[in-house]
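1. fold the following.
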Amino acid sequence: MLEIGIKAPEFCIPNQDDIEICMRDLKGRWIVLYFYPRDNTPGCTNEACDFTEQNEHFENLDATILGISPDSPKKHRNFIEKKDLDITLLADEEKIVCELYKVWQLKKFMGRESMGVVRTTFLINPTGEIVHIWEKVSVRKNKTVNKQKIQILHVDEVKNKLKELQKEYNNG
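-> Below you'll find the predicted structure:
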């Protein structure tokens with residue numbers, strides 16, 4: 001796994017519109033880079049919809065949200081249209097970026113092993129440094145607080161951490 005404090009690996013891959021997006025073009029902005037297994041699956045749909053609902057908040061925090069999966073630009077475009085998403089999805093069909101970020105791993109599910117994307121989110125600061133990593137992300141976690149069940153959204157965890165780190169970054 002990559003570590004906090006290192007430069008985020010550089011890449012250039014196409015988005016849902018077949019336009020090449022490069023990390024170098026995003027320097028100076030905060031980046032929420034989230035890796036997910038596949039378009040149109042329940043967890044991936046929830047995650048993309050949650051980030052879309054909060055996209056304006058992230059934009060106000062000078063942050064760009066990028067979702068990456070091994071799906072094609074065409075699949076991403078269909079997913080965006082079907083779910084009315086307002087975020088950029090990047091197509092890593094060759095899994096090069098997934099391997100650079102060490103999220104292409106052996107996974108076990110119902111006794112079977114296969115290679116796949118382990119849901120992971122990286123928070124990258126304006127100088128291109130990884131400042132936080134969420135591994136094996138649960139998009140929505142249920143928690144009991146004072147005998148009441150509440151749902152914790154991954155998108156809220158990311159937004160709160162972004163605000164916290166921006167304060168440190170701006171004061172440092």
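2. and the contacts of the helix or strand bottoming out on mean pLDDT in the chain?
-> Least confident helix or strand, the chain: strand 140-145 with a mean of 79, by mean pLDDT, DSSP states H and E. For strand 140-145, the external contacting residues (Cβ atoms under 8 Å, 6 or more residues apart in numbering) are 46, 50, 149-154. Where C-beta positions appear, they are placed from N, C-alpha and C, glycine not excepted.
3. try it again with 7 Å
-> With contacts defined as Cβ atoms under 7 Å, 6 or more residues apart in numbering, strand 140-145 is touched by 46, 149-153.
4. now the strands for this protein?
-> Using DSSP state E, the strands found in the chain span residues 12-14, 20-22, 30-35, 63-69, 88-91, 104-109, 112-117, 120-124, 130-134, 140-145, 148-153.
5. of the ones you listed, which is nearest F79?
-> Nearest to F79, of all these, is strand 88-91, at 6.9 Å by Cβ to Cβ.
6. contacts for that closest one next, please.
-> For strand 88-91, the external contacting residues (Cβ under 7 Å, 6+ apart) are 13-16, 21, 65-68, 71-73, 76, 79-80.
7. circling back to that earlier point, which of the strands of the chain has the lowest mean pLDDT?
-> Looking at the strands of the chain, the lowest mean pLDDT belongs to strand 140-145 (a mean of 79).
8. parallel or antiparallel, which strands does it pair with?
-> Sheet pairing here is set by DSSP bridges, and for strand 140-145 it gives strand 148-153 (antiparallel).
9. dump the strand it pairs with to PDB, keeping only the CA atoms.
-> Extracted C-alpha coordinates of strand 148-153, given in PDB (Å, rounded to 0.1, in the frame of the first residue of the first chain):
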ATOM      1  CA  GLN A 148     -29.800   4.800  18.300                       C
ATOM      2  CA  LYS A 149     -28.600   3.400  15.000                       C
ATOM      3  CA  ILE A 150     -27.000   5.900  12.700                       C
ATOM      4  CA  GLN A 151     -25.500   5.600   9.300                       C
ATOM      5  CA  ILE A 152     -22.000   7.000   8.700                       C
ATOM      6  CA  LEU A 153     -21.200   7.900   5.100                       C
END
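10. residues in contact with it?
-> Contact partners of strand 148-153, identified using Cβ under 7 Å, 6+ apart, comprise 50, 140-143.
11. which of the residues you listed count as buried?
-> Neighbour counting with 16 or more other Cβ atoms under 10 Å marks D50 as buried within the contacts of strand 148-153.
12. which residue is the nearest non-sequential neighbour of the residue most central in space within the chain?
-> Nearest residue to the geometric centre of the chain (Cα atoms, centre = their mean): Y34, 1.2 Å. Distances taken as Cβ to Cβ, 6 or more residues apart in numbering put T121 closest to Y34, at 4.2 Å, once the chain neighbours are dropped.
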